[in-house]
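Undergrad: After the sequence you'll find the predicted model.
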Amino acid sequence: MDNLFLELKNKIEQAQSIIVFSHVSPDGDTLGSNIAISLMIEKYFNKKVDSVYVGMLPALYSYLPEFNRFIDVQTIDKNKKYDLAIAVDVASKDRMVSGTVLYDNASFKINIDHHKTNNGYGDINIIDGNAACVGVILYKIFKEWELEIPKEVARCIYTSLLTDTGGFKYENTTPETFMLAAELVRLGVSPTFEFRSCYETKPQSMVQFQAYIVSNTVFYNNGKIAFAKITRSDMSKFNATDDYTEGIVEVLRSSKNVEIAAILKETKDGYTKVSLRSKTVDVTPIVIDFGGGGHTFAAGCTIKKPIAIAYDKLLQRIQSEIE
Ligand SMILES: [Mn+2]
């Protein structure tokens, strides 16, 4: 692993133009990691970095330092050839959607990730399936490079850690997680500020939308399976943006009997985006059947079927896993 860290450093030193990618439907890890590595490269390597997102940029994370640096990938010329492209928290190349062509065009490609389903699509692949978040990997890289971590970068890594561990409570929460959190707090991060900014700033309509979706959830197999359906009309009724669904699946899993909770969301093009959370069942085989990926207890996929059909297919598949 250490060799890869050095190789990465060499590649950054050699590059003139650098682009950093976050995955579509960005979360705290992919955004925090993007800003963290971009700021470190700009500060210590004195290079300009383009930090890009695809699709929608959730306003929720606008409390992150230098959040305004994010560029919509659509605004960049598709023929542009960067010297170096870095993907952070991007489980598979297609999660860069319209940005994939820019990533492929780059002279050299880096892939930094912690999804165990990542197939290693980069020229250098720094993948640690045991890392709680990509922020953990970045912290190790910066330490290996013997660089001091400024408070802004510490805050970004803290958000990666906070969000990907669900507030230090998922199975990926280890002694290392708390050691890193302690170190980041020592570097000036305020846990209260980050928590409030991240979890207690929902628009009122979002709280009401989530309550509505949760109250319409259907439970199967003696309450072991929870299925929540979100249609476009539900979304428009509450003026909901894509980030409005964040956190609902965790509420469903909080029911005592639930083993697997599923959120099915109708996409703009009439497909079905699925998000799965489980307590003890490995859900990766389920989403892989539908062309998706993710972690053992948190995974997702997009089923290219209308929501009613996707619902039945997914329910059957999950029931076969539970019985
Ligand atoms: Mn992640």
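TA: Happy to help now that I have it. Numbering: from 1, shown residues only.

Undergrad: Enumerate the residues of the stretch 51-200 of the chain near the ion.
TA: Taking Cβ under 5 Å from the ion as the criterion, the stretch 51-200 of the chain approaches the ion at residues Asp89, Cys133, Asp164. For every residue, glycine as well, the C-beta is placed using N, CA and C.

Undergrad: Quick check: phi and psi on whatever residue of the stretch 151-300 of the chain ends up closest to the ion?
TA: Ranking the residues of the stretch 151-300 of the chain by distance to the ion (Cβ to the ion) places Asp164 first, at 4.6 Å. Recorded main-chain torsions at Asp164 are phi -70, psi -20, according to degrees, to the nearest 10.

Undergrad: Give me the nearest residue to it, chain neighbours excluded.
TA: Across the structure, with Cβ to Cβ, 6 or more residues apart in numbering as the measure, the residue nearest Asp164 apart from its sequence neighbours is Cys133 (3.6 Å).

Undergrad: Need the pLDDT of that neighbour.
TA: We have a pLDDT of 98 for Cys133.

Undergrad: Run a quick neighbour tally on it.
TA: In terms of burial, Cys133 registers 27 neighbours under the definition other Cβ atoms under 10 Å.

Undergrad: Residues touching the host helix or strand of Phe195, excluding its own?
TA: Assignment of secondary structure by DSSP states H and E places Phe195 within helix 191-199. With contacts defined as Cβ atoms under 8 Å, 6 or more residues apart in numbering, helix 191-199 is touched by Gly28, Leu60, Tyr61, Tyr63, Arg155, Tyr158, Thr159, Leu162, Thr163, Gly167, Ala181, Val185.

Undergrad: swap in stretch 313-323?
TA: With Cβ under 8 Å, 6+ apart as the test, stretch 313-323 has contacts from 220-221, 224-225, 227, 259-260, 262, 264, 274, 281, 283, 285-286, 289-290, 303, 305.

Undergrad: if we go to 10 Å?
TA: The set of residues that contact stretch 313-323 without belonging to it, under Cβ atoms under 10 Å, 6 or more residues apart in numbering, is 218, 220-222, 224-225, 227, 259-262, 264, 272, 274, 276, 278, 281-283, 285-287, 289-290, 301, 303, 305.

Undergrad: Please spell out the PyMOL selection for the buried subset of those residues.
TA: A single PyMOL command suffices to select whichever of these are buried according to 16 or more other Cβ atoms under 10 Å:
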select buried, resi 221+224+225+227+259+260+261+262+264+272+274+276+278+281+283+286+287+290+301+303+305
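
Undergrad: Show only the entries of the contacts of stretch 313-323 found in strands.
TA: The strands, defined by DSSP state E, take in 218, 220, 225, 227, 260-262, 264, 272, 274, 276, 278, 301, 303 from those.

Undergrad: can you dump the C-alpha coordinates of stretch 225-245 into PDB?
TA: Presented in PDB, the C-alpha positions along stretch 225-245 are these (Å, rounded to 0.1, in the frame of the first residue of the first chain):
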ATOM      1  CA  ILE A 225     -38.600  -6.600   5.400                       C
ATOM      2  CA  ALA A 226     -39.500  -2.900   5.100                       C
ATOM      3  CA  PHE A 227     -40.300  -1.500   1.600                       C
ATOM      4  CA  ALA A 228     -40.800   2.200   1.000                       C
ATOM      5  CA  LYS A 229     -41.800   3.500  -2.400                       C
ATOM      6  CA  ILE A 230     -41.200   7.000  -3.600                       C
ATOM      7  CA  THR A 231     -42.800   8.100  -6.800                       C
ATOM      8  CA  ARG A 232     -42.200  11.300  -8.800                       C
ATOM      9  CA  SER A 233     -45.600  12.600  -7.700                       C
ATOM     10  CA  ASP A 234     -44.600  12.100  -4.000                       C
ATOM     11  CA  MET A 235     -41.500  14.100  -4.800                       C
ATOM     12  CA  SER A 236     -43.400  16.900  -6.500                       C
ATOM     13  CA  LYS A 237     -46.100  17.000  -3.800                       C
ATOM     14  CA  PHE A 238     -43.400  18.100  -1.300                       C
ATOM     15  CA  ASN A 239     -41.100  19.900  -3.800                       C
ATOM     16  CA  ALA A 240     -38.600  17.300  -2.800                       C
ATOM     17  CA  THR A 241     -35.100  17.300  -4.300                       C
ATOM     18  CA  ASP A 242     -33.100  14.000  -4.500                       C
ATOM     19  CA  ASP A 243     -31.400  14.600  -1.200                       C
ATOM     20  CA  TYR A 244     -34.800  14.500   0.600                       C
ATOM     21  CA  THR A 245     -34.700  10.700   0.700                       C
END
